[in-house]
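# Based on what follows, work out the 3D shape:
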Amino acid sequence: MEYKFIPINVLEQVDFVKQQQKTNLELLNQEKIALQRELEDCKAKILIYSSDERSDLFHEIPTQLLALECPYPDLKSSVLNEFHKFADEYWSKLQEVDQQLKVISRSFGWSEEDHWIYQTVINQYPSDLQNRRTLYLDMVQRHLPHKSRRDLVAHEKAWDQYRFARNQHRALVLNWARARKAFLLKAVMTIAEACAAYETEMMFANNRKKQQEICADLKGKVLQWRAHQEEAARLEAAIAARRKEKEDEKEKIQKEKEMIQRAEEKEKLRKYWAEKQHKWQKMEEKDLQRLAELKKLMIEQATKDKERVKFRQELLEKHLMEKKELALQKAHEEEERKRRLEALRQQVAIVAEIDPARMMADTVASKAKMGIGTEEEFVLQRSLFALHTYSEQQIISDPRVRVELALREAGLHKAPYVKEILPKIPPLKLPRRDMESTAFNM
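This is a model prediction of the structure:
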C-alpha cells in the first residue's frame, strides 16, 4: 500500500503531542511543589526536635554533679546556680547563632539543586589557587546560565556568612563541651575541698571564722573561674571577628584586582576594535574606489554599445532599403514579362467554333478517371499507415519557426548574431525532463 503524505494530519499529530507534553509538565510541576512543601515541613519538624533536644542537653544537670555530697547546701546550690547561668549564657549565644543561620538560610532564595551545583563547583578549586574566585564564579555561571553575576556574588556573600555562622556554632558547641568538662572538674574539686574543709571544721569546731574564710575563698574561686570563662568567650568572639574582617579585606583586595584586570581587558578590546574599524574603513574606501572605476567602465561600455547598435540599425535599414528596391525591380520585370507573354498568347490564340454538345460531354481523361470504357481495377483510396505528426497550425504557433520565417523574409537568417540567438529561443511548451536529450552535454 502506497503511503500518502497529508500535511494536515501531521500538524494535528504534532499539536496533540505538544498538548500532551504540556499536560505532563504541569502534572510534574504540581508534584514537585507538593514534594517541596513536604520537605519544608519535615525540615521544620527536625529543627524543632533538634532545638528541644539541644535545650535539654544544655540545661540538664550532670549526674556526676548531682551525685556529689556536699556538707554545705549553700555551696552546692551556688554551684548548681552557676552551672545554670553558665548553661544559659552558652544557650543564648547558641540560639543567636542558630537564628543567624535561619535568617541566612531563608535569604538564600536558591533551590537545593542550584545550591548543590554551586557547592560542588567551589569544592573543585583549592583555596591556594590563583584567581580562584574568578574561576569558580565563571564555572558556576556556565553551569547556572539562568543566574546573573549579581545573583552569584550575593549568594557567595550569603554563603560566606552562613559558613562563618556555622563555624561559630561549631566552636560554641566545642567550647561548651570543654567548659562543661572543666566546670565539672572544678566543681568536684571545690566540693572535695569543701568536704575536706568541713572535716577540718568538724575537727576544729571552735574556729568558725576560718570556715567562713574558706567558704568565701571557694566562692571567690568560683566567681573567678566564671570571670575567666567570660573573658575566654569574649576573646574567642574577638578572634572570630578579626578573622572575618581579614577575610573581608582579602576579598575586597581580590575584587579590586579583578576590576583592574577587567579595565585592562576592556582597554585591549577597545584598541582591537579600533584597529579592526580602521582596517574595515580602508577596505570600504578601496571597494568604493573600485566600484567607481567599474561604474565608469560600464558607462563607457554602454556608450560604445549604443553607438554599435545605432550603426547596426543604420546598416540594417540600408540593407532593407536595397532589398525593397530589388524587390520592386523584380516585380516590375515580372509585370513586363507577363505583358510580353500575354501579347504572344494573343498572337497564337486558336479561334474554334461553338460546339455545345462537345462542351457538355465527358472528356476522354474524365472517362478514363471514372473507369468508363476500361477494365475495373482496385484502387487504394487511403494510406497504408496512420501518421501522427504536427498540424500546420501547431508548427506555425512555435515562436522559433515564426522568428526564423521573419528573419528569412528580412534576409538576416545567415547572420552570425542570428545563428547565435536562434538556439536560445525557448519553445512554446518546454519538453519533459525525462525527454531531454543529453547526447550533446558531454
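# Please make it C-alpha for all contacts and neighbour counts, starting now.
OK.
# Would you confirm that residue 165 contacts residue 96?
No. Using Cα atoms under 8 Å as the test, residue 165 is too far from residue 96 to be in contact (9.7 Å).
# More neighbours: which of those two?
residue 165 (19 against 14; other Cα atoms under 10 Å).
# longest helix in the protein, by residue count?
In the chain, with assignment by DSSP state H, the single longest helix is helix 208-347.
# who does the next helix or strand after it touch, helix- and strand-wise?
On the C-terminal side of helix 208-347, the nearest following helix or strand under DSSP states H and E is helix 356-360. Identification of packing neighbours for helix 356-360 by 3 or more Cα pairs under 8 Å, 6 or more residues apart in numbering; DSSP states H and E yields no helix or strand.
# List the buried residues for whatever helix or strand comes next after helix 356-360?
Sequence order places helix 364-370 as the next helix or strand after helix 356-360, per DSSP H and E. Within helix 364-370, not a single residue qualifies as buried, counting by 16 or more other Cα atoms under 10 Å.
# send the alpha carbons of helix 364-370 over as PDB?
The C-alpha trace of helix 364-370 is given here as PDB (Å, rounded to 0.1, in the frame of the first residue of the first chain):
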ATOM      1  CA  VAL A 364     -11.500  11.200 -72.600                       C
ATOM      2  CA  ALA A 365      -9.500  11.900 -69.500                       C
ATOM      3  CA  SER A 366     -12.500  12.200 -67.300                       C
ATOM      4  CA  LYS A 367     -13.900   8.900 -68.700                       C
ATOM      5  CA  ALA A 368     -10.600   7.200 -68.000                       C
ATOM      6  CA  LYS A 369     -10.500   8.600 -64.500                       C
ATOM      7  CA  MET A 370     -14.000   7.200 -63.800                       C
END
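# For that helix, what does the pLDDT average out to?
Taken as a whole, helix 364-370 has an average pLDDT of 81.
# Tally up the residues packed near residue 16, please.
When neighbours are defined as other Cα under 10 Å, residue 16 has 12 of them.
# typo on my end, residue 91
Residues contacting residue 91 under the criterion other Cα under 10 Å number 19.
# And it, what's its pLDDT?
Note on residue 91: pLDDT of 77.
# Check which residues of the helix or strand harbouring it are buried.
Following DSSP H and E, one finds residue 91 within helix 73-106. In terms of neighbour count (16+ other Cα under 10 Å), helix 73-106 has its buried residues at 75-76, 79-80, 82-84, 86-87, 90-91, 94, 97-98, 100-101, 104.
# got the angle for it vs helix 208-347?
Going by axes from the mean of the first three to the mean of the last three Cα atoms, to 10 degrees, helix 73-106 is angled at 10 degrees with respect to helix 208-347.
# residues near residue 290, how many?
Neighbours around residue 290, by other Cα under 10 Å: 12.
# which phi and psi does residue 389 have?
In terms of degrees, to the nearest 10, the main-chain angles of residue 389 are phi -140, psi -170.
# how near is it to residue 167?
104 Å (Cα to Cα, to the nearest Å).
# Who has more neighbours out of the two?
More neighbours surround residue 167 than the other of residue 389 and residue 167, with 14 against 7 (other Cα under 10 Å).
# can you tell me the helix or strand for the more buried one?
Taking DSSP H and E as the definition, residue 167 sits inside helix 149-203.
# how far away is residue 244 from residue 251?
Applying Cα to Cα to residue 244 and residue 251 gives a distance of 10 Å.
# For the stretch 301-442 of the chain, which residues score under the pLDDT cut-off?
350-352, 373-384, 437-442 (pLDDT under 70).
# Can you dump the C-alpha atoms of stretch 423-441 in PDB for me?
The C-alpha atoms that make up stretch 423-441 are tabulated as PDB, following Å, rounded to 0.1, in the frame of the first residue of the first chain:
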ATOM      1  CA  PRO A 423      19.200  28.100 -30.400                       C
ATOM      2  CA  LYS A 424      18.400  30.100 -27.300                       C
ATOM      3  CA  ILE A 425      14.800  30.800 -28.100                       C
ATOM      4  CA  PRO A 426      12.600  28.500 -25.900                       C
ATOM      5  CA  PRO A 427       9.700  26.500 -27.400                       C
ATOM      6  CA  LEU A 428       6.100  27.300 -26.700                       C
ATOM      7  CA  LYS A 429       5.900  24.300 -24.300                       C
ATOM      8  CA  LEU A 430       9.100  23.100 -22.600                       C
ATOM      9  CA  PRO A 431       9.800  19.400 -23.000                       C
ATOM     10  CA  ARG A 432       9.600  17.000 -20.100                       C
ATOM     11  CA  ARG A 433      12.700  16.400 -18.100                       C
ATOM     12  CA  ASP A 434      12.800  12.700 -19.000                       C
ATOM     13  CA  MET A 435      12.500  13.600 -22.700                       C
ATOM     14  CA  GLU A 436      15.500  16.000 -22.700                       C
ATOM     15  CA  SER A 437      18.400  14.800 -24.800                       C
ATOM     16  CA  THR A 438      21.800  14.600 -23.000                       C
ATOM     17  CA  ALA A 439      23.700  13.400 -26.000                       C
ATOM     18  CA  PHE A 440      25.400  16.800 -26.600                       C
ATOM     19  CA  ASN A 441      26.000  17.700 -23.000                       C
END
